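Q: kindly generate the corresponding structure for this input.
(chains A, B, C and D)
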Number of protein chains: 2
Amino acid sequence: MSKKNACCPEIDIPTCCDMRGMLSFLILWLLTKRSMYGQEIAEELAKMRGTKPTPGTIYPALKELRIKGLIKAKKEGKNVIYSLTDSGKNGIDEACKYFCSSFGEIFQEYK
Amino acid sequence: MSKKNACCPEIDIPTCCDMRGMLSFLILWLLTKRSMYGQEIAEELAKMRGTKPTPGTIYPALKELRIKGLIKAKKEGKNVIYSLTDSGKNGIDEACKYFCSSFGEIFQEYK
DNA sequence: TTAAATATATTGGTCACCCAATATAATGCA
DNA sequence: TGCATTATATTGGGTGACCAATATATTTAA
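A: Prediction:
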């Protein structure tokens, strides 16, 4: 019924329903902790979700967030360091409130 | 920065990142509470998320869950009552565990 | 100095979700 | 009976997330 992913063998990924659609939210949330470069973000996502997004997933998502003015990029050697803009900080704050009010009930029952 | 939806004026919907991709998960979760017909499910989703899915969203999703054997349908008058199958009960249980382990950290900081 | 490894990036294709628009079936009421 | 309402359902068009494959730039190691 559940799958495992090579990157995170301890996490069971449900097969009944995927939970795509949360990528941009999770990226913004991770960047509230600290600035990170692309592959670092991908690895943090792997730890959380059990699946590491491929380059074809993560880089277009980062590009879109940059175009929307929610994150900014700074090249350092081979890495591109991403961090939240003021608009991104406001946005993720709102989004977290919404997320908690929408999904909080599910947590209450499982904690 | 945030939007309102006619169906639920008290819920602020973030504009920085949508959270699509959780529909099937939420439908299965709602059906752990009680059996419901389509429009009832749509209204419960509106209460949770601030947006009520249109017929073109909810019915294909229900059809897909039925094809996958996760829910079963019983016609009663003009209504179709949906309920979880055993497979659906196992699936949503797994999915809830995954959801809580993946997203729990976000809640911890906002509660 | 050359090869391997790491990080970034794009392309093309699939899928779940989203809506508006349209259609049909069943119910309820005048 | 006939009309409005409610519920179910499909179609077509769009978007974000997803992957595999491919390419380029930078750094590291042999």
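
Q: longest helix of chain A?
A: helix A:86-110 (DSSP state H).

Q: report the angle between that one and helix B:86-110.
A: Going by axes from the mean of the first three to the mean of the last three Cα atoms, to 10 degrees, helix A:86-110 is angled at 130 degrees with respect to helix B:86-110.

Q: show me where chain A has its helices.
A: Under DSSP H, chain A gives helices at A:23-33, A:38-49, A:55-67, A:86-110.

Q: how much space between residue A:60 and residue B:110?
A: Between residue A:60 and residue B:110 the distance is 28 Å, computed by Cβ to Cβ, to the nearest Å. To be clear about C-beta, it is placed using only N, CA and C from the backbone, and glycine gets the same treatment.

Q: count of neighbours near residue A:85?
A: Residue A:85 has 16 neighbours, counted by other Cβ atoms under 10 Å in any protein chain shown.

Q: hmm, back to that, so, in contact with chain B or not, the longest helix of chain A?
A: Yes - under the criterion of Cβ under 8 Å from any Cβ of the partner chain, chain B is reached by helix A:86-110 at A:87-88, A:90-92, A:94-107, A:109-110.

Q: okay, the helices of chain A in TSV with mean pLDDT, distance to DNA strand C and mean neighbour count next?
A: Formatted as TSV, the helices of chain A follow (pLDDT from 0 to 100; distance: least, Cβ to the nearest atom of the strand, whole Å; neighbours: other Cβ atoms under 10 Å in any protein chain shown):
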stretch	mean pLDDT	distance to DNA strand C	mean neighbour count
helix A:23-33	97	12	20
helix A:38-49	97	3	18
helix A:55-67	98	3	15
helix A:86-110	93	11	17
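
Q: closest to residue B:17 out of those helices?
A: Nearest to residue B:17 among the helices of chain A is helix A:23-33 (3.8 Å), distances taken as Cβ to Cβ.
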